[in-house]
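[1] Okay, here's the prediction I keep looking at, along with the sequence it came from:
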Amino acid sequence: MIKLKYLLIAMGLIIISVPLNAQTEKELRLNIINPGIAWENPIGKITTIEYNIGIGYNYSYPDLNTMYGELGFQGQIAPFVDIQGRRYYNLDRVESGKRKSKKFLALRYLFYGPRIAGNVRTNENYSMAIGPTWGFKKNYERWTLLGSLGPIYYFDLTGAGNVFPLNFEINFGYRLKGNL
């Protein structure tokens with residue numbers, strides 16, 4: 001599993017390291033589906049880092065609730081921090097009007113704190129996940145629809161962890177500051 005962690009980190013560094021076109025606008029957004037605030041900041045011509053902090057809905061990762069042996073779908077509402085290093089790859093087509101949504105590859109780090117509500121009884125109050133993801137971001141005047149999916153390696157502080165083959169994110173938010 002240690003090799004998997006290093007592989008994911010290396011993939012993320014490769015994904016966000018090659019600039020091609022400009023993504024120059026900072027964006028501050030209030031998200032609705034997973035309530036929180038997101039700040040996307042450019043760090044290169046086509047690379048950004050997005051910090052998303054809030055209280056969100058999450059499902060239980062199968063190997064993080066082994067202490068209690070519960071089966072089936074388990075969900076929770078918990079505070080989270082979601083950090084994504086993104087590399088956009090179709091900005092020239094968006095600028096020319098051929099595409100409406102920006103596409104990106106990213107390395108995602110997701111941290112969940114202790115649950116506020118839900119039926120998850122995990123081994124540890126804190127869980128983390130890291131992995132590559134593919135996503136899109138589409139703007140409608142001041143509104144933004146955002147989605148991403150990809151495999152993740154999830155773990156907690158007790159040493160439990162595993163790979164989840166397809167983690168997804170969907171969000172809808174209102175841009176307070178950023179490109180229109």
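    Looks like it arrived, so ask away. Numbers count the residues shown, from 1 in each chain.
[2] Output stretch 141-153 as CSV, restricted to C-alpha atoms.
    C-alpha atoms of stretch 141-153 as CSV (Å, rounded to 0.1, in the frame of the first residue of the first chain):
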residue,chain,number,x,y,z
GLU,A,141,-23.5,33.4,-15.3
ARG,A,142,-22.7,33.5,-11.5
TRP,A,143,-23.5,29.8,-10.9
THR,A,144,-21.1,26.9,-11.3
LEU,A,145,-21.9,23.2,-11.8
LEU,A,146,-18.9,21.0,-10.9
GLY,A,147,-18.4,17.2,-11.0
SER,A,148,-15.5,14.8,-10.7
LEU,A,149,-14.9,11.1,-10.4
GLY,A,150,-11.9,8.8,-10.0
PRO,A,151,-10.4,6.1,-7.8
ILE,A,152,-9.2,6.9,-4.3
TYR,A,153,-7.1,5.4,-1.6
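[3] Phi, psi for A160 please.
    phi -70, psi 150 (degrees, to the nearest 10).
[4] give me the number of residues near it?
    19 (other Cβ atoms under 10 Å). Bear in mind the C-beta positions are built from the backbone N, C-alpha and C, glycine included.
[5] got it, and F80?
    F80, neighbours per other Cβ under 10 Å, totals 19.
[6] distance of it from Y89?
    According to Cβ to Cβ, to the nearest Å, F80 and Y89 sit 26 Å apart.
[7] thinking S101 is in contact with T144, fair?
    No - counting by Cβ atoms under 8 Å, T144 is not a contact partner of S101; they are 10.1 Å apart.
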